[in-house]
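[1] model this:
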Amino acid sequence: MLLRKSINYFSIFTSKIPKTYYEVLEVNPKATTKEIKLQYIKLVKLYHPDNGESGSEEKFKEISKAYHVLKDPIKR
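    Numbers count the residues shown, from 1 in each chain. Predicted coordinates:
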């Protein structure tokens, strides 16, 4: 019982750690623009708000923001 509470307590804080855009899109920082685009399309299909999963709208926005930064070589 105590262990279970510890894990839940720990997970609260780890979920609040800000991620890099590469972590959001689940790509390597050395990924090409084509690889980033393919991963973006895959994740957008998975987390699109019309799929009806709870919390997917926030994740969808986060993925879109990360892609719009990483697709531009100057912003990268």
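[2] So the residue positioned nearest the centre of the chain versus Ile41, what's the distance?
    Closest to where the C-alpha atoms of the chain average out (Cα atoms, centre = their mean) is Val24, at 2.7 Å. Counting by Cβ to Cβ, to the nearest Å, the separation of Val24 from Ile41 is 14 Å. To be clear about C-beta, it is placed using only N, CA and C from the backbone, and glycine gets the same treatment.
[3] Now for Glu26: which residues touch it?
    Gln39, Leu43 (Cβ atoms under 8 Å, 6 or more residues apart in numbering).
[4] chain center to stretch 66-76: distance?
    15 Å (Cα atoms, centre = their mean, to the nearest Å).
[5] Kindly report the same for stretch 47-64.
    Distance, centroid of stretch 47-64 to centroid of chain: 10 Å (Cα atoms, centre = their mean).
[6] Between the two ends of it, how far is it?
    Across stretch 47-64, the terminal residues are separated by 11 Å (Cα to Cα, to the nearest Å).
[7] tell me which residues of it are tucked away?
    In terms of neighbour count (16 or more other Cβ atoms under 10 Å), stretch 47-64 has its buried residues at Tyr47, Ser56, Lys59, Phe60, Glu62, Ile63.
[8] sec struct for the third one, please.
    So the one you mean is Lys59. helix (DSSP: H, G, I helix; E, B strand; the rest coil).
[9] Quick check: Glu62 touching Val24?
    Yes. Applying Cβ atoms under 8 Å, one finds Glu62 in contact with Val24, separated by 5.6 Å.
[10] Identify the residues contacting Pro29.
    Contacts for Pro29 (Cβ under 8 Å, 6+ apart) come out as Tyr22.
[11] For Ile36, see how far away it is.
    Using Cβ to Cβ, Pro29 is found at 10 Å from Ile36.
[12] dump the residue contacts of Tyr22.
    Tyr22 sits next to Asn28, Pro29, Ala31, Ala66, Leu70 when contact means Cβ under 8 Å, 6+ apart.
[13] and it, what pLDDT?
    Tyr22 is assigned 95 on the pLDDT scale.
[14] which secondary structure element contains it?
    According to DSSP states H and E, Tyr22 maps onto helix 21-25.
[15] any idea which helix or strand carries Gln39?
    Gln39 belongs to helix 33-47 when assigned by DSSP H and E.
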